[in-house]
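Chemist: Please find the sequence and the predicted model below.
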Amino acid sequence: MDTNKKIWLSSPHMSKNEQNYVKEAFDSNWIAPAGPHIKLFEDKLSEISDNLNIAVLSSGTAAIHLALILLEVERDDCVICSSFTFSASVNPVIYQGAHPIFIDSEKDTWNMDPVLLEQAIAEKLNQNQKPKAIILVHLYGYPAKLDEILRIAKKYDIPIIEDAAEAIGSSYNNKPLGTFGDIGIYSFNGNKIITTSSGGAILSKDDNIIKKAKFLATQAREDYPHYEHSEIGYNYRMSNVCAAIGVGQLEVLKDRIKKRRYIHDYYKQHLSNLKEINFLEELPGFYSNRWLTTIIISEKSVIKREDIRLNLLKENIESRPLWKPMHLQPVFRKYQVYDNKVSEDLFNRGLCLPSGSNMEIEDLERVINNIKSLYEK
Ligand SMILES: *Cc1c(COP(=O)(O)O)cnc(C)c1O
């Protein structure tokens with residue numbers, strides 16, 4: 001056995017069937033952003049998403065961008081956004097010439113703090129500027145406090161874009177994440193729980209929204225024999241080849257979640273006797289796909305997050321600090337933030353452990369032994 005084999009944080013994990021579907025796409029020559037696998041993938045995705053209307057796209061970022069356009073976010077508008085996330089949640093706000101208002105996290109789920117959210121909305125309304133939308137992220141697959149946040153969004157009549165890029169297959173009170181907002185989005189990037197190499201989806205109860213999303217994603221071509229345009233379009237549709245991969249990946253989504261949750265429990269079982277290492281517990285009704293297993297190193301620990309990360313790296317094991325909050329990113333520093341230091345603290349003390357569903361027990365043991373060895377010195 002190669003004892004120094006690279007262990008990735010989260011790498012693509014194909015079953016056998018993806019290649020069969022891709023072969024179908026090749027055999028029928030549907031190598032284009034059109035073809036039968038797109039519809040098939042959308043239908044299958046809809047089945048696991050409360051039967052919502054769905055359009056598959058070239059990326060999750062494209063899905064967020066279209067969601068903002070469909071909610072008519074324009075220049076100088078403001079959009080409320082989770083700060084503790086990946087930059088792709090926010091970049092499309094800037095594409096639209098709008099500006100983000102960042103909301104920090106609460107400690108139970110690490111997601112958007114409802115108290116700060118309501119404070120931000122109230123202050124904006126006082127200044128006569130109503131936020132156009134809320135981009136709500138479910139980080140690492142863990143559901144945000146949806147009851148509280150939906151109540152606030154409804155009270156102030158502000159639409160929610162639910163960024164479930166990391167949270168496909170997670171649920172809140174048994175309802176799938178991505179289906180709560182006015183618009184939901186998924187990502188199928190290479191490091192996500194299932195992948196189409198690159199890809200995303202936009203979903204909504206409102207069929208008109210999804211029809212319009214498909215129209216905008218295919219260059220806003222009007223229904224004429226020639227090319228007729230009365231709106232600005234985008235080239236954001238998923239290719240049929242990628243959709244074929246997606247059809248195969250969806251067949252194993254349940255298994256992938258089962259494995260990721262197993263990995264999380266395995267780490268927890270073998271590391272939680274170290275009192276310096278803490279895990280994010282699931283609250284009743286909050287079901288996480290456990291996309292990545294995350295640990296928090298206690299403040300008192302002499303061994304710091306970076307000590308653990310670098311020691312893993314020495315053994316060719318990839319791990320990564322938790323997301324650096326957007327309000328601390330140089331590119332977003334000039335925007336307003338409602339800050340309680342929770343996400344900053346998580347960033348300073350948190351680490352994502354290798355969590356790929358293709359990991360073997362030996363790989364998990366290597367990670368665990370490496371971490372334990374630091375504490376046994
Ligand atoms: C991956 C990700 C995205 C972007 O999805 P892409 O498909 O990579 O464009 C957006 N938001 C979050 C939280 C993500 O993790």
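Modeler: All right, it came through fine.
Chemist: residues in contact with residue 21?
Modeler: Applying Cβ atoms under 8 Å, 6 or more residues apart in numbering, we find residue 21 in contact with 37, 244, 245, 247, 248. For glycine as for every other residue, the C-beta is placed from the backbone atoms N, C-alpha and C.
Chemist: export those to JSON lines and tack on pLDDT?
Modeler: Listed next are those as JSON lines, based on pLDDT from 0 to 100:
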{"residue": "37", "pLDDT": "97"}
{"residue": "244", "pLDDT": "98"}
{"residue": "245", "pLDDT": "98"}
{"residue": "247", "pLDDT": "98"}
{"residue": "248", "pLDDT": "98"}
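Chemist: which one of these is nearest the ligand?
Modeler: Set against the ligand, the nearest of those by Cβ to the nearest ligand atom is residue 245 (13.7 Å).
Chemist: Most neighbours among the contacts of residue 21, which one?
Modeler: Highest neighbour count within the contacts of residue 21, by other Cβ atoms under 10 Å: residue 244, with 29 neighbours.
Chemist: what comes into contact with the host helix or strand of it?
Modeler: In this assignment (DSSP states H and E), residue 244 forms part of helix 240-251. With contacts defined as Cβ under 8 Å, 6+ apart, helix 240-251 is touched by 14-15, 17-22, 24-26, 30-38, 40-41, 44-45, 48, 56, 188, 194-199, 238.
Chemist: Which ones among the residues you listed map onto strands?
Modeler: Using DSSP state E, the subset of these located in strands is residue 56.
Chemist: dump the residue contacts of the residue of the chain found nearest the ligand.
Modeler: Residue of the chain nearest the ligand, by Cβ to the nearest ligand atom: residue 60 (2.6 Å). Residue 60 is in contact with 88, 163, 165, 185, 186, 187, 188, 189, 199, 200, 201, counting by Cβ under 8 Å, 6+ apart.
Chemist: Can you give me the separation between residue 245 and residue 18?
Modeler: Computed as Cβ to Cβ, to the nearest Å, the residue 245 to residue 18 distance reads 5 Å.
Chemist: Likewise for residue 45?
Modeler: Residue 45 is 15 Å from residue 18, by Cβ to Cβ.
Chemist: what about the strands in the stretch 51-200 of the chain?
Modeler: With DSSP state E, counting those that start in this stretch as the criterion, the stretch 51-200 of the chain has strands at 53-57, 78-82, 99-103, 133-137, 160-163, 171-172, 175-176, 183-187, 200-204.
Chemist: Does anything pack onto the last one? Which helices or strands?
Modeler: The one in question is strand 200-204. If contacts are counted by 3 or more Cβ pairs under 8 Å, 6 or more residues apart in numbering; DSSP states H and E, strand 200-204 sits against helix 36-47, strand 53-57, helix 60-70, strand 183-187, helix 207-217.
Chemist: Of the ones you listed, give the one that comes closest to residue 343.
Modeler: Judged by Cβ to Cβ, the one of those that comes nearest to residue 343 is helix 60-70, at 19.4 Å.
Chemist: Next to the ligand in this structure, residues from the stretch 251-377 of the chain, please.
Modeler: Taking Cβ under 6 Å from any ligand atom as the test, the list of the stretch 251-377 of the chain residues beside the ligand is empty.
Chemist: where do the strands sit along the stretch 251-377 of the chain?
Modeler: With DSSP E, counting those that start in this stretch as the definition, the stretch 251-377 of the chain shows strands at residue ranges 277-279, 286-287, 293-297, 320-321, 336-338, 350-353.
Chemist: what's the closest of the ones you listed to residue 95?
Modeler: Among the strands of the stretch 251-377 of the chain, strand 336-338 comes nearest to residue 95, with 18.8 Å by Cβ to Cβ.
Chemist: Now tabulate the contacts of residue 60 in TSV and tack on neighbour count, pLDDT and distance to the ligand.
Modeler: Shown next, in TSV, are those (neighbours: other Cβ atoms under 10 Å; pLDDT from 0 to 100; distance: Cβ to the nearest ligand atom, whole Å):
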residue	neighbour count	pLDDT	distance to the ligand
88	20	98	4
163	32	98	5
165	30	98	3
185	29	98	7
186	29	98	8
187	30	98	3
188	30	98	6
189	19	97	4
199	28	98	7
200	27	98	5
201	31	98	9
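Chemist: could you dump these to a markdown table with distance to residue 312?
Modeler: Listed next are the contacts of residue 60 as a markdown table, based on distance: Cβ to Cβ, whole Å:
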| residue | distance to residue 312 |
| --- | --- |
| 88 | 26 |
| 163 | 28 |
| 165 | 25 |
| 185 | 31 |
| 186 | 29 |
| 187 | 25 |
| 188 | 27 |
| 189 | 23 |
| 199 | 30 |
| 200 | 30 |
| 201 | 33 |
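Chemist: ok, those residues vs residue 211, which is closest?
Modeler: Top of the list for closeness to residue 211, among these and by Cβ to Cβ, is residue 201 at 14.7 Å.
Chemist: ok, now which ones touch the closest one?
Modeler: Counting by Cβ under 8 Å, 6+ apart, residue 201 makes contact with 42, 45, 54, 55, 56, 57, 60, 63, 185, 186, 188, 238.
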